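J.: what would the 3D arrangement of this be:
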Amino acid sequence: MLTILGGGVLLVLASLVESFLRQSHLPSTERLIFAAISAAFLASYIAAGFYFELTRKEKAD
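T.: Just a heads-up that it's a prediction; the model follows:
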């Protein structure tokens, strides 16, 4: 449950940052680079959350 909540918070923050970048005067290349970095960070954060949640459940058993 914490993984879903943490992922949701990060997605809301990412959407706020993305809306700011969309209105900025940065070139498309810089926006795409930032989006790729953000996507990689979000994917790794969510994957790490699932991994730690699974290992915690295994230790509890």
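J.: got a list of contacts for the helix or strand of the chain with the lowest mean pLDDT?
T.: When the helices and strands of the chain are scored by mean pLDDT, DSSP states H and E, helix 2-23 comes last with a mean of 81. For helix 2-23, contacts defined as CB atoms under 8 Å, 6 or more residues apart in numbering pick out 31, 34-35, 38, 42, 45-46, 49-50, 53. C-beta here means a position set from N, CA and C on the backbone, and glycine is covered the same way.
J.: rerun that using 7 Å as the cut-off
T.: Contact with helix 2-23 is made by 31, 34, 38, 42, 45-46, 49-50, 53, as judged by CB atoms under 7 Å, 6 or more residues apart in numbering.
J.: just the buried ones from those residues?
T.: 38, 46, 49 (16 or more other CB atoms under 10 Å).
J.: looking at those residues, which are in helices?
T.: Judged by DSSP state H, helices contain the following of the buried ones among the contacts of helix 2-23: 38, 46, 49.
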